[in-house]
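Visitor: Model the following, please.
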Amino acid sequence: MDSLPLELHAQIFEFACTDDGSTARSLALVSKYVREVAAPYLYQSLAISGVEQTSELVTRLDATPPHLRRIRHLFLSDWTHSKTLQRAVHVPEDAQDQYIAQKALLLRILTLAAPTLETLAIMASCPYTGSSLLGALYSTPMPRLTELSIHGFYPFPHVPGCMPRLERLHLSGNRNPHGLLHLGALDAAYPSLTELRISGLMAAVSFAEELQSALQERPEDTQTRAANNSKVG
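Guide: Numbering: from 1, shown residues only. Predicted coordinates for the structure are as follows:
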């Protein structure tokens, strides 16, 4: 290891730190030298779920200089994995303030990550704040984002210009997203989109008709490309 220059060490660490953040945290414990070289990649790839992890990450990011908090790949969930697996979750009324506060923390993470973010998967499960959280996401400028996966009862994307490089979009959580393809809002919001996947559909006859109509209205050369790149499952 001593025979390699710092630049090669940095490149190796960059390629290695593409999991949920565990590799970067482990590298930081090896030695002072490794910790310093790996520092720019400590937050490169993260998986965050639940209020405790959300709050802790916001505290850490706010205390970290911008050049050391370059988040490229992010999984973000408002609830923990075990909570999302429950068929029915009782949400007491006095917990609403807590969920509203957590929503503000989640938006803070998205704002700090936005300039460098390339891939984002977000799960918005809370019935009080999920849809409004996703609505705020659409308005957050993410100039480098190329892949977005949304799980939750999502509103339709409608804000143009915020994600100009987005190529792949996965929407899940709306059983019948009738109206999604109307008025060209999706094309305006994501001009570089090449792949659209919509899952979790149920009895979505009206959306199926809408999709068929949208494909038929396209010119012949783009119709084939849209059929190949659009996935509904």
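Visitor: buried set for stretch 25-38?
Guide: Neighbour counts using 16 or more other CB atoms under 10 Å place 27-28, 34, 37-38 of stretch 25-38 among the buried residues. Just so you know, the C-beta spots here come from the backbone N, C-alpha and C atoms, and that holds for glycine as well.
Visitor: what about residue 192, neighbour count?
Guide: 11 (other CB atoms under 10 Å).
Visitor: no, scratch that, I was asking about residue 20
Guide: Neighbours of residue 20 using other CB under 10 Å come to 13.
Visitor: Residue numbering should commence at 16 henceforth.
Guide: OK, 16 is where the count begins now, so the last one is residue 35.
Visitor: Which of the helices or strands spans the closest residue to it other than its chain neighbours?
Guide: Excluding its sequence neighbours, the residue lying closest to residue 35 (CB to CB, 6 or more residues apart in numbering) is residue 62, at 3.6 Å. Per DSSP states H and E: residue 62 is located in strand 60-64.
Visitor: now do residue 99
Guide: helix 96-100.
Visitor: which other helices and strands contact the strand holding residue 62?
Guide: If you count contacts as 3 or more CB pairs under 8 Å, 6 or more residues apart in numbering; DSSP states H and E, strand 60-64 packs onto helix 65-77, strand 88-92.
Visitor: Return the most buried member of these.
Guide: Each of the helices and strands packed on strand 60-64 was scored by mean neighbour count; the highest is strand 88-92, a mean of 22, by mean count of other CB atoms under 10 Å.
Visitor: avg pLDDT for that strand?
Guide: If you average the pLDDT over strand 88-92, you get 96.
Visitor: circling back: which one of the helices and strands packed on strand 60-64 lies closest to residue 38?
Guide: strand 88-92 (12.3 Å; CB to CB).
Visitor: Please write out the alpha-carbon positions of the closest one in CSV.
Guide: Coordinates of each C-alpha in strand 88-92 appear next as CSV, following Å, rounded to 0.1, in the frame of the first residue of the first chain:
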residue,chain,number,x,y,z
HIS,A,88,-26.2,7.7,-4.4
LEU,A,89,-28.9,7.9,-1.8
PHE,A,90,-31.7,5.7,-0.4
LEU,A,91,-34.0,7.6,1.9
SER,A,92,-37.0,6.3,3.8
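Visitor: Give me the contact list for that strand.
Guide: 33, 35, 59-65, 99, 121, 124-125, 128, 132-138, 140 (CB atoms under 8 Å, 6 or more residues apart in numbering).
Visitor: Going through those residues, which ones are buried?
Guide: Buried subset of the contacts of strand 88-92 (neighbour count, 16+ other CB under 10 Å): 59-65, 99, 121, 124-125, 128, 132-138, 140.
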